[in-house]
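**Q** just coords:
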Ligand SMILES: [Mn+2]
């Protein structure tokens, strides 16, 4: 009879994303869904590839969710094997973690290797942690925790030890680790090149990975399911994330079949609007309304989504006149998102200037003020007159004029400019 197992990683229980209690519950929900699937599909065992928890200081409610879910699997007699991820690692070497606690309480078997004189020691799990567990059907599961910068060194030692191990009674070998394959995603620690994994190929039938939240499969033996929930906006781009249900049939070709299952999760939408074309704030708000109409068919208000709008480009008016709250309110009215985020990445005017810095100071000041005013679409047509007004106001203030006198002068200047413009 074929053996089946479920392989998940990076569940990140306890992540209160955006400070939202609803998001905290979302991470628990996806974990309960995975547990239910393991039961419904009557899998023979479950692999957890690290980062079950978001933080090493586990929140009591996150621990409750973990114990509820793991308790269901334990009561059903489904063994769970786990490795430690970077998010739940102890600060210093040998400290006791919540992952150790769950292992001690019998909720799962924590797998990791011991190293002695520069060699990996591959011992079975017993009273102490071990490097592997043997399961019915001739299935052996090895595990390596997250090793950060030492990952390739550790994998090298592990591969050497594995090559020297007798596998006569083993029909199918799984290695689970919280490590990534390089080039799948830049800027991740704890990664290996594909070539560094080569020596393992002869002895490992299924490499069960976690760590990188982007899912990937390589050459029919390396599997990384990605994060089943969404831990960051960038993960929205990787729709095919979830967990694997794997059927193994040693001696047959192929000897396993892995199906990636994408769970229901809260939709995330990432929107972008370039602000360059809007010369006044009200035009920008109108641009946001147009974008909402354009995207309306693709964004459903139920379940309430997470919506992020990034404003990009160069703002043609002063950033102080842009009311980000008003932009947020437009998005709220359209879709009532659970979370609405407006990221204002629009750059203000560039302040570098190609003005001749050898010029006399008053001339230099006049050129700089005029150039800045010319960059604001609203002041551009009468930039020269506005420059004169700005410099007059400055002089009045330095001379000790009263605020009332300054306002009078501004009123008069504006009236004069209105007459000039009518003539134009
Ligand atoms: Mn993770």
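**A** Received, thanks. Model, not experiment: these values are computed from the prediction.
**Q** pull out the buried positions in stretch 123-139.
**A** Across stretch 123-139, burial judged by 16 or more other CB atoms under 10 Å covers 125, 129-133, 135, 138-139. C-beta: built from backbone N, CA, C; applies to glycine.
**Q** what do you get for stretch 280-298?
**A** Neighbour counts over stretch 280-298 (16+ other CB under 10 Å) mark 281, 284-285, 287-288, 291-292 as buried.
**Q** distance from the chain centre to stretch 49-61, please.
**A** Between the centre of stretch 49-61 and the centre of its chain there are 16 Å (CA atoms, centre = their mean, to the nearest Å).
**Q** nope, stretch 140-148 is what I was after
**A** Computed by CA atoms, centre = their mean, the chain-centroid distance of stretch 140-148 equals 23 Å.
**Q** again with stretch 272-280
**A** With CA atoms, centre = their mean, you get 27 Å for stretch 272-280.
**Q** what's the span of that stretch, first residue to last?
**A** End-to-end span of stretch 272-280 (CA to CA, to the nearest Å): 19 Å.
**Q** what sits up against that stretch?
**A** 283-284, 287-288, 291, 309-317, 346, 377-378 (CB atoms under 8 Å, 6 or more residues apart in numbering).
**Q** all helices of this protein, in order?
**A** 21-40, 60-75, 98-104, 151-163, 194-197, 281-295, 324-335, 361-375, 383-398, 403-423 (DSSP state H).
**Q** care to break the protein down by domain?
**A** Per the record, the chain has its domains at 3-261, 268-344, 361-423, by automatic domain parsing.
**Q** and the last one, how far from the chain's centre?
**A** Relative to the mean C-alpha coordinate of its chain, domain 361-423 is positioned 48 Å out (CA atoms, centre = their mean).
**Q** please, where are all the strands along the stretch 101-250 of the chain?
**A** Remark: strands assigned in the stretch 101-250 of the chain by DSSP state E, counting those that start in this stretch are 109-110, 114-116, 119-121, 132-135, 139-144, 172-178, 180-181, 191-192, 206-210, 216-218, 222-224, 243-248.
**Q** mind listing residues that contact the first one?
**A** Counting by CB under 8 Å, 6+ apart, strand 109-110 makes contact with 79-84, 99-100, 102-103, 125, 129, 133, 143, all of which sit outside it.
**Q** again with the third one
**A** Residues from elsewhere that reach strand 119-121 (CB under 8 Å, 6+ apart): 113-115, 131, 154, 157-158, 160-162.
**Q** do you know the pLDDT at the closest residue to the ion within the stretch 251-400 of the chain?
**A** Nearest to the ion, among the residues of the stretch 251-400 of the chain, is residue 265, at 15.4 Å (CB to the ion). pLDDT recorded at residue 265 is 95.
**Q** contacts only, for it.
**A** Contacts of residue 265 (CB under 8 Å, 6+ apart): 26, 30, 228-230.
**Q** torsion angles phi and psi at it?
**A** Note on residue 265: its backbone torsions stand at phi -150, psi 160 [degrees, to the nearest 10].
**Q** can you tell me which of the strands of the stretch 101-250 of the chain the model trusts least?
**A** Among these, strand 191-192 carries the lowest mean pLDDT, a mean of 84.
**Q** partners of it, with directions?
**A** The strands that strand 191-192 pairs with in its sheet are strand 180-181 (parallel) (by DSSP bridges).
**Q** with adjacent residues omitted, what lies nearest to residue 22?
**A** residue 338 (5.9 Å; CB to CB, 6 or more residues apart in numbering).
**Q** show me what contacts that neighbour?
**A** 20, 22-23, 266, 303-306.
**Q** and the nearest residue to residue 249 once chain neighbours are set aside, how far from residue 245?
**A** Among residues not flanking residue 249 along the chain, residue 2 sits closest, at 4.9 Å (CB to CB, 6+ apart). Going from residue 2 to residue 245 by CB to CB, to the nearest Å gives 12 Å.
**Q** looking at the two now, which is surrounded by more residues?
**A** A count of neighbours by other CB atoms under 10 Å puts residue 245 above the other of residue 2 and residue 245, at 19 against 13.
**Q** run through the bridge partners of the more buried one.
**A** On the basis of DSSP bridges, residue 245 is bridged to residue 6, residue 259.
**Q** does it really touch residue 263, like I thought?
**A** No: between residue 245 and residue 263 there is no contact under CB atoms under 8 Å: 11.7 Å.
**Q** columns distance to residue 10 on top of the helices of the chain, output as JSON lines?
**A** As requested, these are exported to JSON lines (distance: least, CB to CB, whole Å):
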{"stretch": "helix 21-40", "distance to residue 10": "10"}
{"stretch": "helix 60-75", "distance to residue 10": "14"}
{"stretch": "helix 98-104", "distance to residue 10": "14"}
{"stretch": "helix 151-163", "distance to residue 10": "16"}
{"stretch": "helix 194-197", "distance to residue 10": "20"}
{"stretch": "helix 281-295", "distance to residue 10": "29"}
{"stretch": "helix 324-335", "distance to residue 10": "28"}
{"stretch": "helix 361-375", "distance to residue 10": "46"}
{"stretch": "helix 383-398", "distance to residue 10": "55"}
{"stretch": "helix 403-423", "distance to residue 10": "59"}
